[in-house]
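Visitor: Sequence isn't available, so here's the structure alone:
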């Protein structure tokens, strides 16, 4: 399976999706998990911008809108 390069914008989009999921979470545990994931994606975006290096996207990324809702 081919992996694709991920841009800072894509990481920010991943973070934004996690924030939307966090806003809709019915359980505090799920909300916190989504907030942690959003933070992770934002850190990756900043790191990519700072270092100018490329990251490879794994087949399981990015989070999808049609994933199970909490």
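Guide: Alright, I've got the coordinates. Here the structure is a predicted model, which is why all the values come from computation and not from measurement.
Visitor: Isn't residue 38 up against residue 20?
Guide: No: using Cβ atoms under 8 Å, residue 38 is not in contact with residue 20, being 9.4 Å away. All C-beta spots, glycine's among them, are computed from the backbone N, C-alpha and C.
Visitor: neighbour count winner among the two?
Guide: It is residue 38, of residue 38 and residue 20, that has more neighbours when counted by other Cβ atoms under 10 Å, with 21 against 14.
Visitor: Doesn't the more buried one lie inside a helix?
Guide: Yes: assessed with DSSP: H, G, I helix; E, B strand; the rest coil, residue 38 lies in a helix.
Visitor: Can you tell me the number of residues neighbouring the residue nearest to it when sequence neighbours are not counted?
Guide: Leaving aside its chain neighbours, residue 38 sits nearest to residue 18 (3.8 Å; criterion: Cβ to Cβ, 6 or more residues apart in numbering). Other residues within reach of residue 18, judged by other Cβ under 10 Å, total 22.
Visitor: Run through the neighbouring helices and strands of the host helix or strand of residue 18.
Guide: Here residue 18 sits within helix 8-24, counting by DSSP states H and E. The helices and strands touching helix 8-24, judged by 3 or more Cβ pairs under 8 Å, 6 or more residues apart in numbering; DSSP states H and E, are helix 28-51.
Visitor: rerun that using 10 Å as the cut-off
Guide: Here helix 8-24 touches helix 28-51, strand 55-56, going by 3 or more Cβ pairs under 10 Å, 6 or more residues apart in numbering; DSSP states H and E.
Visitor: Among the ones you listed, show the one with the smallest mean pLDDT.
Guide: Lowest mean pLDDT of those: strand 55-56, a mean of 58.
Visitor: Quick check: pLDDT value at the closest residue to residue 34 other than its chain neighbours.
Guide: Of all residues not flanking residue 34 in the chain, residue 22 sits nearest, at 3.7 Å (Cβ to Cβ, 6+ apart). Note on residue 22: pLDDT of 98.
Visitor: Kindly provide the distance from residue 22 to residue 32.
Guide: To residue 32, residue 22 is 8 Å away according to Cβ to Cβ, to the nearest Å.
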